[in-house]
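J.: The following comprises the amino acid sequence and a computationally predicted model.
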Amino acid sequence: EFTQQANNLVTQLMMVPWCVVVEYHQDLQKFTIHSIVGQSVDGEIESQPDDESSFLGYVLHQNDPVLVPDWSKETRFKPPNAYVELGIKTSLSVVIPMHDKPFGIINIHDVIPRQFSGAEINLLQTVANIIGTYIQQRHTQVRMQEQRIITEALIDIAAVLNSQTELNDILELILKIMSQIVPTVDSSNIMLIDHEQKTAKIAIRHNANPDLPYQRIGVEIPLKDMAIVSKVIESGEPVLLNNVKDIEDWYEVPSTEWIQSYLSTPIFAGAECIGVINLDSAKLNAFTADHVKQIQAFLDQASIAIQNAQHAENLVREVEKRTQELQAERAQLQAILNSTGEGIFYSRNYILMFTNETLSKMMGYTEEELLGQSSYMFQPDDLSESEKKVRVSANKSLETKGLARTEFRLKRKDGTTFIAGLTISRVRK
């Protein structure tokens, strides 16, 4: 899973034995382990209250990362019992943000008192942001999938209509069906309503007579300038006019001078009017009460398809936005790793899988030359007996504690050697 991969990456980059992603359940007011690298501390986490009296509760209510450099000197709260039993000395925690509420907390722990640098704290914050974006995106994808299922399950009367998934295709099909329901129509359009801006715009139009003037698509028109459309929206009832010239509130512009009869019907999504469909005719008395009933029966089904299409478009835009944010976060993480002054590499079965720019410069290789090679390429050929003992001791510490800190002589590409301070952390599955 993605969060487990993030845990593994954090432990190797931050050189810590623990990385724990904790999920917060607001309805239950409790925390649970979501993913972990290191020995489990489940029981203690689930017993921590979500107020500021506990470590995790305190972190949850902060806007900034919370660092405990030495639990023995911490005065804000007591260390959880599991931390004491496991010998945890240092903790750094960051809230994992999502769009409407936090997902939880990412925590790293070490067995020695430690001050994390600003770059390291920023790194953990970046990882937390990436996790939050990823989880938000997954939730969005689930909602979008559910919405598609709803669209596909519409009743048989709207089966043809709802086979379309693009909003413009659905609106165009609606207008074509309108010309069949009401053959006396000469021109028709669908207006979508922006209730916040109090405007309406023509989303699509259809002229049965190509010689008729076209109304412009996409132009936002204030509802206050369209008294009849406003009345349809506010009342939720159709308006039928068989002689528009007798109506004082008629909205007449050069492109509508030819209209004699007019029928406007609201389109609902649940209880909200999301638009209107307008039918125009160059003849007097072109529309009847039966037309109104037929149109309303059809729009009861069509409105569901419109709403679903709008939701699908919104969800696609949200997924695209979240994807762009995730890519930006990943680029930021890569930039942070490459800007650190310490050489960093990750190996699997002693094969180099990741190296940063600092390591490449330090060892005299390009990244391409390092990836896929054995980490033993950094070991000098002329190891002394004392150096071999240091290596054995480090391997033993790594096996037993999962962490080793030592100094060791390394070999550059040009054959020269230097003494390097090494921190080696084992990444456990």
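T.: Noted; the coordinates are in hand. Numbering: from 1, shown residues only.
J.: Listing partners with orientation, what would you give for the strand or helix carrying His34?
T.: For His34, the element it lies in under DSSP states H and E is strand 30-37. Next to strand 30-37 in the sheet, as set by DSSP bridges, lie strand 18-25 (antiparallel).
J.: what's next to the strand it pairs with, contact-wise?
T.: 3, 6-8, 10-11, 30-39, 41, 45, 50, 56, 60, 88, 96, 102-110, 131 (Cβ atoms under 8 Å, 6 or more residues apart in numbering). C-beta coordinates here come from the backbone N, C-alpha and C atoms, glycine included.
J.: what mean pLDDT would you report for that strand?
T.: Mean pLDDT, strand 18-25: 89.
J.: So for stretch 274-288, what gets flagged as buried?
T.: 274-281, 286-287 (16 or more other Cβ atoms under 10 Å).
J.: Kindly apply the preceding question to stretch 99-109 instead.
T.: Under 16+ other Cβ under 10 Å, the buried positions of stretch 99-109 are 102-109.
J.: Could you give the separation of that stretch from the chain centroid?
T.: Between the centre of stretch 99-109 and the centre of its chain there are 15 Å (Cα atoms, centre = their mean, to the nearest Å).
J.: now swap in stretch 293-311 and tell me
T.: With Cα atoms, centre = their mean as the basis, stretch 293-311 stands 30 Å off its chain's centre.
J.: could you turn it into CSV, dropping everything but the C-alphas?
T.: Extracted in CSV, the C-alpha atoms of stretch 293-311 (Å, rounded to 0.1, in the frame of the first residue of the first chain):
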residue,chain,number,x,y,z
LYS,A,293,-46.9,17.7,-18.9
GLN,A,294,-44.9,15.7,-21.5
ILE,A,295,-41.9,17.8,-21.0
GLN,A,296,-42.0,17.7,-17.2
ALA,A,297,-42.3,13.9,-17.3
PHE,A,298,-39.3,13.6,-19.5
LEU,A,299,-37.2,16.2,-17.5
ASP,A,300,-37.8,14.2,-14.3
GLN,A,301,-35.6,11.5,-15.8
ALA,A,302,-33.3,13.8,-17.8
SER,A,303,-32.4,15.9,-14.8
ILE,A,304,-30.8,12.9,-13.1
ALA,A,305,-28.5,12.4,-16.1
ILE,A,306,-27.6,16.1,-16.1
GLN,A,307,-26.8,16.0,-12.4
ASN,A,308,-24.7,12.9,-12.7
ALA,A,309,-22.8,14.3,-15.6
GLN,A,310,-22.1,17.5,-13.7
HIS,A,311,-20.9,15.6,-10.7
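J.: show me the contacts for the closest residue to Ser91 other than its chain neighbours.
T.: Take Ser91 and drop its neighbours on the chain: the residue closest to it by Cβ to Cβ, 6 or more residues apart in numbering is Val68, 4.5 Å away. Residues near Val68 by Cβ under 8 Å, 6+ apart: 55, 74, 79, 90-92.
J.: Give me the distance between the residue nearest to Ala119 when sequence neighbours are not counted and His311.
T.: In this structure, Ala119 finds its nearest non-sequential neighbour in Thr340, 5.9 Å apart by Cβ to Cβ, 6+ apart. Separation of Thr340 from His311 (Cβ to Cβ, to the nearest Å): 43 Å.
J.: do the same with Pro238
T.: 25 Å.
J.: again with Gln180
T.: In this view, Gln180 and His311 are 27 Å apart by Cβ to Cβ.
J.: Relative to the centre of this protein, find the outermost residue for me.
T.: In the chain, the residue that sits farthest from the middle, by Cα atoms, centre = their mean, is Glu385; the gap is 54.4 Å.
J.: and that residue, how far is that from Lys411?
T.: Separation of Glu385 from Lys411 (Cβ to Cβ) stands at 18 Å.
J.: now do Trp18
T.: The gap separating Trp18 from Lys411 is 32 Å, by Cβ to Cβ.
J.: What of Asn349?
T.: 21 Å.
J.: between these two, who's got more neighbours?
T.: Between Asn349 and Lys411, counted using other Cβ atoms under 10 Å, the more crowded position is Lys411 (18 against 7).
J.: which residues in the stretch 1-150 of the chain form strands?
T.: For the stretch 1-150 of the chain, strands defined by DSSP state E, counting those that start in this stretch occupy the ranges 18-25, 30-37, 66-68, 90-96, 104-110.
J.: Least confident of these, on average?
T.: strand 30-37 (a mean of 85).
J.: Report the angle between that one and strand 90-96.
T.: Angle, strand 30-37 to strand 90-96, by axes from the mean of the first three to the mean of the last three Cα atoms, to 10 degrees: 110 degrees.
J.: Neighbours of Trp350, how many?
T.: Trp isn't right for residue 350; it's Tyr. Close neighbours of Tyr350, defined as other Cβ under 10 Å, add up to 10.
J.: That one contacts Ser374, correct?
T.: Yes - counting by Cβ atoms under 8 Å, Ser374 is a contact partner of Tyr350 at 5.3 Å.
J.: Looking at Gln180 and His311, which has the bigger crowd around it?
T.: The neighbour count for Gln180 versus His311, taken as other Cβ under 10 Å, is higher for His311 (19 against 9).
J.: The more buried one sits in which helix or strand?
T.: Using DSSP H and E, His311 falls within helix 289-339.
J.: So which other helices or strands are in contact with that helix?
T.: Helix 289-339 sits against helix 118-152, helix 167-181, strand 261-269, strand 272-281, with contacts defined as 3 or more Cβ pairs under 8 Å, 6 or more residues apart in numbering; DSSP states H and E.
J.: so Ser374 sits right up against Arg348, yeah?
T.: No - applying Cβ under 8 Å, one finds Ser374 not in contact with Arg348, separated by 11.2 Å.
J.: Could I get the phi/psi values of Asn243?
T.: Backbone torsions for Asn243, taken as degrees, to the nearest 10, come to phi -160, psi 90.
J.: Now do the contacts for it.
T.: Asn243 neighbours (Cβ under 8 Å, 6+ apart): 260-261, 284-285.
J.: Pick out whichever of those residues sits closest to Arg426.
T.: Ser261 (80.5 Å; Cβ to Cβ).
J.: Is there a neighbour count for that closest one? I'd like the number.
T.: Using other Cβ under 10 Å, Ser261 has 21 neighbouring residues.
J.: With the one 3 residues further on instead?
T.: Residue crowding around Ser264 was assessed by other Cβ under 10 Å; the count is 21.
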